[in-house]
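Chemist: my questions concern the predicted model and sequence given below.
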Amino acid sequence: MFYRVIVNGYLSGKEAALSNGLFGRVESCHNDNFNANDTLFKAKRSNKNFYDQAVISTDEKLKKGQLYPELVYDLYAESKRLENVEHCSIVLRAIAEGKGLDSVNYIIKYTADEFGQHISYDDWMKAYSSDAEILIENEDAVKQEQARLKAQERSNIQSFERDAEEITYSFPAVAGIQAGREYFIAQVPFKYLVKFFSFVDESLPPAERAQRKVNEKHANDIAEYVTNNPTDYVLPSMTVSVDKAMVFDAEVIAGTASRLGLLRISCDSTLLINDGQHRAKSLKTIIKKNKSLQNETIPVTFFYDEGLKRSQQIFADLNNNISKPSAAISSLYDIRNEFNSFVLDLLEQVPLFNQFVDKENTSIHKSSNYIWSLVHFKKFVEALLGKKEKAFNQTEMCQVKRMKFEQAFKVIFDVLRTDSEFTSLFDGDLSAQELKSEYLSGYAVFLESLGHALSEAVSIASLLPGDGVSSVSDIDELFLRSTVIKVMSLDRRLTAPIWIGRCIVAERLVKNVDSVNLTAALFRRETDLKLTDKMIETEMRYKFSVEVNNL
């Protein structure tokens, strides 16, 4: 029952309140809280009301007009305490959500205890935060239960009654809520994934299945990655739909809202993989090659099966809303890749240029303060080496060759930084934006073409033909320097006629395989270096003449 009672003098303390003769008198009785508060609101608006009133709730039967001072005082004090707990829970949620205290200033600008005594914010938090956390936990538990009912309602599962003797797989798990539905994230050992999970029926047409066909090569690549790095691999989570009831045995742990526990899934359930079938497919090979990995785990998100359309939508949502990182930042972070480390080490040796290489974005906008991307620089090094990234990683570069290449690399950039537009850039007389608006050297086509053009000069200067290795670690610096100087003697302005038809087409800068070969061919002509067969073929196709030095 709910009662509207007089609480006049409450803030003066219990002894003073109980001695005024009216405290605790029942003014009206109600079956529900709404009517009780409606009556209280009307009483407060009445000019006839001279007393402070409040609504209390108790299972005890109270009579209108009777005094219950002790009971009313204790119940009213508890209601004020609970009000503080509720306010504190709002503050805690705001902090957890990163909203900051400004969003709850209306609560914390004046903090008082249940007896109306002003206390500091810190003391107020100390007094009510423990109960507020329990309140939040209970509210979350209610939301979780609502999400469970919603998930069950929308699923295709016929019955959620479970036989206590039914054989199940059990996994440590966390219960969660997404879009109002309950789901679970469990840690599943590799060996169970191999035996337990179902793949899409590839004989079905695309419209009748919820996954793409398995690409065997992709699955094998994942297996190779894991087995080659058994102590240093990472596999992201998978997503599956379950066609039978799941049981979640929650652990009673303070602060978890009963979301930690053990997930039990019937052994005869069908688990359809919505996302991650290549990871699952690779695990059979992984376990075969390295049995010690069979008990390692992968996080799996379990949803209740809601039919084909829902499974197809899960697949689409997971794949369409994932932003793949740029090739530049992937290269920067992938230190396991030896070629990436090699290129980054080279850049460290030319700090003036390094500061203008964008290591996060693949393409460079004209307004950017950078001139090249890390991806462009990798292509330059590949061209200069005459070896692709994959080939570099598959063969070991001996120390002598590496030292000579590093020497050659530094010579090239030492020439580039002197008596050129790069000098103006480094001195602050020319901005990166101005460089790109005026010079070919501000673009990737210049850098990659330069690599192809100078690869033979580096090989000659370093005495590195074929697999032979000289015991002499020095390079022919004079020859290499003079070769780069000849390249840099060309007019690198974008308006220069020599670029028309090579990398300037219809007054637009073009970068593709042909434009790189045509530009590199011009560089080699300027240095009297022999053109490659590909350069010759490309020049002939674009009707540029073939010089005698290539015969």
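Modeler: Sure, I can see it. Numbers count the residues shown, from 1 in each chain.

Chemist: how about the helix or strand where K284 lies: buried residues?
Modeler: K284 belongs to helix 277-289 when assigned by DSSP states H and E. For helix 277-289, burial by neighbour count (16 or more other CB atoms under 10 Å) applies to Q277, H278, R279, A280, K281, S282, L283, K284, T285, I286, I287. To be clear about C-beta, it is placed using only N, CA and C from the backbone, and glycine gets the same treatment.

Chemist: repeat that for stretch 477-492.
Modeler: Within stretch 477-492, the residues that count as buried by 16+ other CB under 10 Å are L480, R481, T483, V484, K486, V487, M488, L490, R492.

Chemist: what's the answer for stretch 332-352, then?
Modeler: Under 16+ other CB under 10 Å, the buried positions of stretch 332-352 are L332, N337, F339, N340, F342, V343, L344, L346, L347, V350.

Chemist: distance from the chain centre to it, please.
Modeler: Between the centre of stretch 332-352 and the centre of its chain there are 24 Å (CA atoms, centre = their mean, to the nearest Å).

Chemist: what's the answer for stretch 381-393, then?
Modeler: With CA atoms, centre = their mean as the basis, stretch 381-393 stands 30 Å off its chain's centre.

Chemist: stretch 24-37 now?
Modeler: Averaged C-alpha coordinates place stretch 24-37 at 53 Å from its chain's average position (CA atoms, centre = their mean).

Chemist: if we can go back for a sec, name the nearest of the buried residues of helix 277-289 relative to L82.
Modeler: Closest approach to L82 among those (CB to CB): R279, at 48.8 Å.

Chemist: ok, the closest one - contacts?
Modeler: Shown in contact with R279 (CB atoms under 8 Å, 6 or more residues apart in numbering): I222, L235, P236, M238, I298.

Chemist: neighbour-wise, which of those residues leads?
Modeler: M238 (22 neighbours; other CB atoms under 10 Å).

Chemist: my guess is it contacts T301. True?
Modeler: Yes. Between M238 and T301 there is a contact at 7.1 Å, judged by CB atoms under 8 Å.

Chemist: dump the buried residues of helix 277-289 to CSV, plus pLDDT.
Modeler: Compiled in CSV, the buried residues of helix 277-289 are given as follows (pLDDT from 0 to 100):
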residue, pLDDT
Q277, 81
H278, 86
R279, 88
A280, 86
K281, 86
S282, 91
L283, 90
K284, 89
T285, 92
I286, 93
I287, 92
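
Chemist: biggest strand in this structure by residues?
Modeler: strand 168-178 (DSSP state E).

Chemist: neighbouring contacts of that one?
Modeler: Contacts for strand 168-178 (CB under 8 Å, 6+ apart): 143-144, 147, 182-188, 192, 196, 247-248, 250, 258-267, 300, 302.

Chemist: just checking, G261 is part of a strand?
Modeler: Yes. Using DSSP: H, G, I helix; E, B strand; the rest coil, the assignment for G261 is a strand.

Chemist: that one touches F248, doesn't it?
Modeler: Yes. In terms of CB under 8 Å, G261 counts as a neighbour of F248; the distance is 5.5 Å.

Chemist: and the pLDDT at R508?
Modeler: For R508, the pLDDT comes out at 93.

Chemist: go on, the one 10 residues further on?
Modeler: We note a pLDDT of 96 for L518 in this prediction.

Chemist: and what of T58?
Modeler: Reported pLDDT for T58: 91.

Chemist: and it, how many residues sit next to it?
Modeler: 14.

Chemist: ok, it - contacts?
Modeler: Per CB under 8 Å, 6+ apart, neighbours of T58: M1, Y3, L71, L75.

Chemist: A54 should be in a strand, yeah?
Modeler: Yes. Applying three-state DSSP, one finds A54 inside a strand.

Chemist: quick one: it and I90, what's the gap?
Modeler: Distance, A54 to I90, using CB to CB, to the nearest Å: 21 Å.

Chemist: farthest pair in the buried residues of stretch 332-352?
Modeler: So, the buried residues of stretch 332-352 by CB to CB: farthest apart are N337 and V350, at 20.6 Å.

Chemist: on that earlier part again, now the contacts of T58 as a markdown table including pLDDT and distance to W372?
Modeler: Formatted as a markdown table, the contacts of T58 follow (pLDDT from 0 to 100; distance: CB to CB, whole Å):
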| residue | pLDDT | distance to W372 |
| --- | --- | --- |
| M1 | 90 | 78 |
| Y3 | 91 | 78 |
| L71 | 92 | 80 |
| L75 | 91 | 74 |
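
Chemist: top of those by number of neighbours, please.
Modeler: These, ranked by neighbours (other CB under 10 Å): first place Y3, 25 neighbours.

Chemist: partners of that residue in the sheet?
Modeler: The partner list for Y3 in beta bridges (DSSP bridges) reads C29, I56.

Chemist: tell me the contacts of it?
Modeler: Applying CB under 8 Å, 6+ apart, one finds that Y3 lies in contact with V26, E27, S28, C29, H30, A36, V55, I56, S57, T58, L62.

Chemist: helix 277-289 and the next helix or strand after the helix holding K284, what's the angle between them?
Modeler: Moving toward the C-terminus from helix 277-289, the next helix or strand (DSSP H and E) is strand 297-304. Per axes from the mean of the first three to the mean of the last three CA atoms, to 10 degrees, the angle that strand 297-304 makes with helix 277-289 is 140 degrees.

Chemist: chain center to strand 297-304: distance?
Modeler: 18 Å.

Chemist: what's that strand packed up against?
Modeler: Under the contact definition 3 or more CB pairs under 8 Å, 6 or more residues apart in numbering; DSSP states H and E, strand 297-304 sits against helix 121-154, strand 181-189, helix 190-196, strand 238-242.

Chemist: show me what the mean pLDDT comes to for that strand.
Modeler: For strand 297-304, mean pLDDT rounds to 89.
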